[in-house]
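Participant: sequence below, structure please.
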Amino acid sequence: MPELELETWWLISYGLQLLTVARVLLRENRAPAARLAWIVCVLAIPWLGILLYFLFGEVSFGRKDVARMQSIISALPKTPPGQPPLPKPEIPLLHRQAFARAQSVNGFQPADGNTAELAENSNDAIDRMVADIDAAQDHVHLLFYIWLTDTNGLKVVDACVRAAARGVTVRVMADGMGSRAMLDSDYWEVMAQAGVKCGVAFSLRQAWVHLLFKRMDIRNHRKIVVIDNKITYCGSQNCADPEFRVKPKFAPWVDIMVRLTGPVVWQNQVVFAGDWESHTGESIAHLLDDPMPYTQGGFPAIVIGTGPTESFQAVPDIFQNLVASAQREVTVTTPYYVPSEALNGRLCSAAMRGVKVRLILPKRNDSGLVRLASHSYYLSLLRCGVEIHEYTPGLLHSKILTVDGEVALFGSANLDRRSFDINFENCILASDPALTGAIDARQAEYLADSDQVTLAEVETWPMHRKLMNNLFATMGPLL
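Facilitator: Prediction:
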């Protein structure tokens with residue numbers, strides 16, 4: 001190849017790298033660590049680094065789609081039109097900042113009058129959902145990231161078909177990636193033919209056509225069930241068997257699911273309505289004219305629906321506020337721990353000021369990269385006094401934070417960068433000693449089946465293991 005041609009290609013490559021670096025620096029709502037990681041990637045791997053950035057480096061699924069979704073969400077009410085204000089909830093002083101940050105995400109008000117029941121296990125949660133669907137009189141709304149064609153998945157399919165047959169309006173939505181097996185199966189068509197309205201969040205159809213124009217791995221990771229504007233479910237569980245046959249070697253998947261009544265039902269309905277109209281075009285805003293259900297003597301809670309169209313860094317902000325408010329104990333359960341430095345530092349700080357901080361993670365993780373990255377944080381956490389416990393019987397998939405036996409945060413969000421910046425998630429923040437106590441009791445069961453990681457053990461890890469852990473932690477902003 002002539003010398004001039006080589007020089008020309010070098011100049012083109014260098015110019016494209018500089019333009020991409022400028023784009024990295026100009027993107028809004030990006031943490032400095034993420035900017036630095038992408039700049040290194042772009043400069044260190046010419047051409048490939050640029051391609052990787054435009055495929056995975058920007059949290060956008062198309063400007064027009066983002067603008068349309070934001071317009072739909074902003075038009076939805078934040079309280080039922082015409083309903084008198086509910087009684088102002090009594091939230092403990094130390095936790096008010098966390099609730100205020102949660103309120104800033106969707107514009108919902110923390111509302112009193114909620115009740116909750118904790119399902120015994122994954123099968124019990126599905127059986128409760130099926131019973132509630134069978135008792136539905138007006139509408140059933142379901143949204144799952146993963147919906148499998150297994151025993152539990154088909155139980156819910158059959159319940160939806162039965163509900164539609166008796167005249168109940170049934171709307172179901174599944175993520176295009178997480179539920180692709182269900183979407184490609186005959187069961188999805190069976191529901192549609194039975195009169196169930198079926199929607200797909202972020203469909204993968206014609207994905208290759210859009211690959212260079214929008215990020216294709218943005219997912220709707222939410223798990224939402226709303227029935228007759230009276231009952232809702234929130235937690236970590238997908239519509240699947242605990243054996244999770246698509247990844248059987250990690251089974252059972254251990255989840256938490258909470259059945260709730262009260263104002264959070266209406267708030268979850270709003271989140272579902274935004275997703276439904278965004279992906280199907282059908283507005284169901286008329287259902288939001290119904291008043292918020294209210295139970296005398298219930299507890300305060302608020303729904304938090306996060307995602308690229310919502311408040312930036314809401315998940316880690318709320319988490320950090322809650323940890324900062326702790327006076328006695330904090331227990332965190334998560335399957336994926338690749339936090340921001342600020343979040344990890346907050347846990348360390350709480351432990352150093354005398355709070356009992358326990359972190360419960362699965363011993364075996366279905367993501368090897370995440371497992372390595374999470375291990376890089378062990379040494380700093382343990383040296384600060386944080387207890388680390390690794391659950392052994394299966395893949396612990398619950399996502400929970402409890403503080404001082406008073407406040408609980410639970411839902412679909414993991415403590416990793418995908419849940420912080422990329423995925424659409426839904427959680428509930430509740431201030432109730434009874435519910436928090438029940439969730440803490442469940443976490444105590446996890447602890448009983450876990451191995452505690454010691455500082456002495458981690459300090460003796462071989463050099464090559466520490467090297468791999470820290471390497472993938474450095475790549476955390478890219479994971």
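
Participant: tell me how this protein divides into domains.
Facilitator: Following automatic domain parsing, one gets these domains for the chain: 3-56, 63-92+110-299, 314-478.

Participant: just put the ones you listed in CSV and tack on distance to residue 307 and mean neighbour count.
Facilitator: (C-beta placed from N, C-alpha, C; glycine too.) Below are the domains of the chain laid out as CSV (distance: least, CB to CB, whole Å; neighbours: other CB atoms under 10 Å):
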stretch, distance to residue 307, mean neighbour count
domain 3-56, 12, 14
domain 63-92+110-299, 8, 19
domain 314-478, 4, 20
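
Participant: mean pLDDT and distance to residue 98 added to the ones you listed, as CSV?
Facilitator: Converted to CSV, those look like this (pLDDT from 0 to 100; distance: least, CB to CB, whole Å):
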stretch, mean pLDDT, distance to residue 98
domain 3-56, 74, 21
domain 63-92+110-299, 93, 9
domain 314-478, 94, 4
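
Participant: with distance to residue 102 added, can I get the ones you listed in a markdown table?
Facilitator: A markdown table is the format used below for the domains of the chain (distance: least, CB to CB, whole Å):
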| stretch | distance to residue 102 |
| --- | --- |
| domain 3-56 | 19 |
| domain 63-92+110-299 | 7 |
| domain 314-478 | 5 |
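
Participant: among those, which is nearest residue 101?
Facilitator: domain 314-478 (5.1 Å; CB to CB).

Participant: any idea how far that closest one is from the middle of the chain?
Facilitator: Domain 314-478 sits 14 Å away from the centroid of its parent chain (CA atoms, centre = their mean, to the nearest Å).

Participant: now do the same contact list for the residue nearest the centre of the chain.
Facilitator: Centroid check for the chain by CA atoms, centre = their mean gives residue 413 as the closest residue, at 2.5 Å. Residues in contact with residue 413 (CB atoms under 8 Å, 6 or more residues apart in numbering) are 221, 306, 315, 399, 419, 423, 425, 426, 427.

Participant: phi and psi next, for residue 330.
Facilitator: Reported as degrees, to the nearest 10, the phi and psi values for residue 330 are phi -130, psi 130.

Participant: residues making contact with the longest helix seen in the chain?
Facilitator: In the chain, taking DSSP state H as the definition, the longest helix is helix 3-26. Helix 3-26 has contacts (CB under 8 Å, 6+ apart) with 30, 35, 38-39, 42-43, 46-47, 49-50, 53-54, 57.

Participant: next secondary structure after that helix?
Facilitator: helix 32-44 (DSSP states H and E).

Participant: dump that next one to PDB, keeping only the CA atoms.
Facilitator: Output of helix 32-44 as PDB, limited to C-alpha atoms (Å, rounded to 0.1, in the frame of the first residue of the first chain):
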ATOM      1  CA  PRO A  32     -16.500  10.900  34.900                       C
ATOM      2  CA  ALA A  33     -15.400   7.300  35.400                       C
ATOM      3  CA  ALA A  34     -17.600   6.200  32.400                       C
ATOM      4  CA  ARG A  35     -16.200   9.000  30.300                       C
ATOM      5  CA  LEU A  36     -12.600   8.000  31.000                       C
ATOM      6  CA  ALA A  37     -13.300   4.400  30.400                       C
ATOM      7  CA  TRP A  38     -14.800   5.000  27.000                       C
ATOM      8  CA  ILE A  39     -12.000   7.500  26.000                       C
ATOM      9  CA  VAL A  40      -9.400   4.800  26.800                       C
ATOM     10  CA  CYS A  41     -11.400   2.300  24.800                       C
ATOM     11  CA  VAL A  42     -11.800   4.500  21.800                       C
ATOM     12  CA  LEU A  43      -8.100   5.600  21.800                       C
ATOM     13  CA  ALA A  44      -6.700   2.100  22.600                       C
END
